[in-house]
Structure formats: C-alpha cells, structure tokens
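Asker: sequence unknown, structure follows:
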Ligand code: GAR
C-alpha cells in the first residue's frame with residue numbers, strides 16, 4: 001500500500017477527485033495519508049478534514065529559502081512514510097534537491113496540453129487566459145512526473161478538451177477540470193500505486 005501525500009494551495013477540487021476516487025475504491029494499492037497546504041486558508045484543508053485525512057500547513061514565507069522549505073517537507077513526508085507526492089494546485093515551487101530526492105515519485109496536474117502554455121508564470125486561470133488569447137481550438141490537461149524543470153518532467157497522461165467560441169477563462173477552466181483533470185489524476189495515481197508506470201528517459205509507459 002502506497003501512502004500518498006497531496007500538496008495543495010487553493011480550492012482543492014483535484015484533491016476532492018482523489019478523495020472521491022478513494023471512497024469509490026478507485027485507487028488501487030494507495031491511500032491518502034496526508035494533505036499539506038502552503039496556504040492556511042485553502043478550502044482544500046476543509047475537504048481533507050471532512051474526509052478524515054491528516055492535514056498540515058507549511059507557508060513558504062515562514063522559511064528562509066526554498067531549500068529549507070523542501071528539507072522540512074521531506075522530513076514530514078519521511079515521518080509519514082510517503083511513497084507518492086501529488087501536486088494538486090500547489091503554487092509553491094519546490095527546490096531541485098526535493099525533486100531529485102523524490103524523482104519519479106511526484107505527480108503534478110497541469111491545466112494545458114504540455115508543452116503548450118506551461119512553465120514559469122503559467123498556473124491556474126493564467127493558463128486558460130493565454131490559451132484563449134492564442135486562439136487555440138483545443139486545450140486540455142496533462143498529468144506528469146515532476147523534474148527540476150517547471151512542467152518539464154515525463155508525461156504520464158493527457159486529455160484534450162474543446163475550446164468553444166464563447167469561452168471565458170473561467171468556463172474553459174471548468175471544462176478542462178471536469179472533463180480532463182478530475183479524470184486523469186485519480187487514474188494516474190492509481191496506476192502509480194499499482195506499479196503500472198515505468199519511466200524510460202522522458203517516456204512513461206503504462207502497463
Ligand atoms: C488546477 O486547474 C490545476 O491544474 C492548476 O491549478 C488548479 C488548482 O485547482 N495547477 C496549475 O496551474 C499548476 N501549474 P484545485 O485547487 O481546485 O485543484
């Protein structure tokens with residue numbers, strides 16, 4: 001059984017998708033063991049508490065450097081024997097040392113089809129604003145392993161979603177979440193915990 005930690009900063013709808021999947025028996029060989037929020041006000045914390053999942057708050061500003069933040073987080077995860085870290089709307093950049101220590105054991109969900117609309121500055125609603133500004137007709141979501149490069153690690157799964165003529169960033173965000181993110185993330189987490197993912201360089205294979 002893999003102990004899963006979910007790192008959050010906001011509303012936590014992706015965390016909710018994981019909670020719902022767990023309750024429906026959809027996460028094979030894994031259990032949500034810990035939710036860490038970088039924001040004490042995050043609604044995600046309430047979702048975790050309601051589901052009976054342990055929570056912790058770690059604000060970036062309480063640490064002198066990203067390194068210190070990463071070290072403290074590593075210690076907490078080690079204590080709870082965490083085998084998989086999920087970034088679900090986590091808005092704090094983790095240091096290289098942390099990403100290396102958890103290589104191919106950190107999964108992130110990003111609200112676009114990587115390599116479009118990703119990297120520094122592309123998070124949350126900004127991603128959908130950029131997609132609409134570019135006039136793309138298809139967007140979507142990506143679930144990937146985290147490397148030292150922002151949104152640069154091996155891709156596990158992607159799902160395309162139509163962009164409609166009257167979309168606003170908010171309507172597009174909602175469609176990408178419901179049709180892609182909330183479907184892909186629990187699936188990838190289950191595949192990881194059941195040992196179905198193998199990483200060969202930049203390529204992830206799903207058995
Ligand atoms: C989600 O759309 C997630 O993909 C995005 O933030 C939102 C968090 O929503 N993450 C990023 O942009 C990371 N680069 P949630 O708190 O309701 O899950």
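Answerer: Cool, got the structure. Just so you know, these numbers come straight off a predicted model, no measurement behind them.
Asker: residue 175 and the ligand, how far apart?
Answerer: As for residue 175, its distance to the ligand is 11 Å (criterion: CB to the nearest ligand atom, to the nearest Å). Glycine gets a C-beta too; all of them are placed from N, C-alpha and C.
Asker: quick check: the residue of this protein nearest the ligand.
Answerer: With CB to the nearest ligand atom as the measure, the residue in the chain that lies nearest the ligand is residue 89; the distance is 2.6 Å.
Asker: can you count the residues close to that residue?
Answerer: Taking other CB atoms under 10 Å as the criterion, the count of residues near residue 89 is 23.
Asker: show me what contacts it?
Answerer: Contacts here follow CB atoms under 8 Å, 6 or more residues apart in numbering; on that basis residue 89 touches 8-15, 44, 109, 124.
Asker: now a ChimeraX select for only the buried ones of those.
Answerer: Of the contacts of residue 89, the buried ones can be selected in ChimeraX as follows, counting by 16 or more other CB atoms under 10 Å:
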select :8,9,10,11,12,13,14,15,44,109
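Asker: hmm, which two among the contacts of residue 89 are most spread apart?
Answerer: Within the contacts of residue 89, 15 and 124 form the most distant pair, 15.0 Å apart (CB to CB).
Asker: what mean pLDDT does the host helix or strand of residue 157 have?
Answerer: Counting by DSSP states H and E, the element that carries residue 157 is strand 155-162. What strand 155-162 shows for mean pLDDT is 98.
Asker: please see if it touches the ligand.
Answerer: No: Strand 155-162 does not reach the ligand (CB under 6 Å from any ligand atom); its nearest approach is 11.9 Å.
Asker: sorry, back to before: the residue of the chain closest to the ligand - nearest residue in space that isn't next to it in sequence?
Answerer: Counting by CB to CB, 6 or more residues apart in numbering, residue 10 is the residue found nearest to residue 89 once chain neighbours are left out, at 5.0 Å.
Asker: just to revisit the earlier point, so which of the contacts of residue 89 also contact the ligand?
Answerer: Intersecting these with the surroundings of the ligand, defined as CB under 6 Å from any ligand atom, gives 8, 10-14, 44, 109, 124.
Asker: related to what we said a few turns ago, part of a helix, is the residue of the chain closest to the ligand?
Answerer: No: assessed with DSSP: H, G, I helix; E, B strand; the rest coil, residue 89 is coil; it does not lie in a helix.
Asker: how about residues contacting the longest helix anywhere in the chain?
Answerer: For the chain, the helix with the greatest residue count under DSSP state H is helix 66-79. For helix 66-79, the external contacting residues (CB under 8 Å, 6+ apart) are 5, 34, 36, 56, 58, 60, 63, 85, 92-95, 97-98, 101-102.
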